[in-house]
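Student: Sharing a model prediction with you, sequence too.
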Amino acid sequence: MSHHGPWYYIKSMHSGYVLDIQGAEDGANIIQYTPGGGDNQLWQLNGTSIVSRSGLALDVEGAAHESGTNAIGWTHSHGAENQSWRIEGDKIISTLNGLCLDIQDGSTDESAAIILYEPVYGGVNNQSWQFVAYDG
């Protein structure tokens, strides 16, 4: 997946919803939502960043190190550690703090918040994600 390659939904294997920048606004929370093909739901890997088609990057709010911190969409700042991620199996892990993308409280509700939390391994859970090619 390169910056000039195809776009992807990042789909929860737990809920079936996809990562969405709420309201498609800079600084907005990342939530899970029904896939609709909006620019705030389509993503590419760009180096170690994960950048939406709207130009906002997946970001750790406030560059925090605490479990429970919100994932947000923020202006893409190349090389910022709070926008740097690694993929390990079905986990998306922040290189800033070692925490992974997590659906808050394991919710299967549309619009549930995406936070960063200590990785939990073993089976599909609310931290399990897959990149699904967008065919629109």
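Tutor: All right, it came through fine.
Student: Over to A63: give its phi and psi.
Tutor: phi 50, psi 40 (degrees, to the nearest 10).
Student: any idea how far I115 is from it?
Tutor: Plainly put, A63 is 15 Å away from I115 if you go by CB to CB, to the nearest Å. (Each C-beta comes from the backbone N, C-alpha and C, glycine too.)
Student: in this structure, which segments are predicted with low confidence?
Tutor: 1-4 (pLDDT under 70).
Student: just wondering, since we're on G122, how far is it from G106?
Tutor: With CB to CB as the criterion, G122 and G106 are 14 Å apart.
Student: G89 now?
Tutor: To G106, G89 is 18 Å away according to CB to CB.
Student: the more surrounded of those two?
Tutor: Neighbours per residue (other CB atoms under 10 Å) separate G89 from G106, with G106 holding more: 13 against 10.
Student: Excluding covalently adjacent residues, which one is nearest to that one?
Tutor: N126 (4.2 Å; CB to CB, 6 or more residues apart in numbering).
Student: residues near that neighbour, how many?
Tutor: N126 has 23 neighbours, counted by other CB under 10 Å.
Student: Likewise for E25?
Tutor: By other CB under 10 Å, neighbour count at E25 equals 13.
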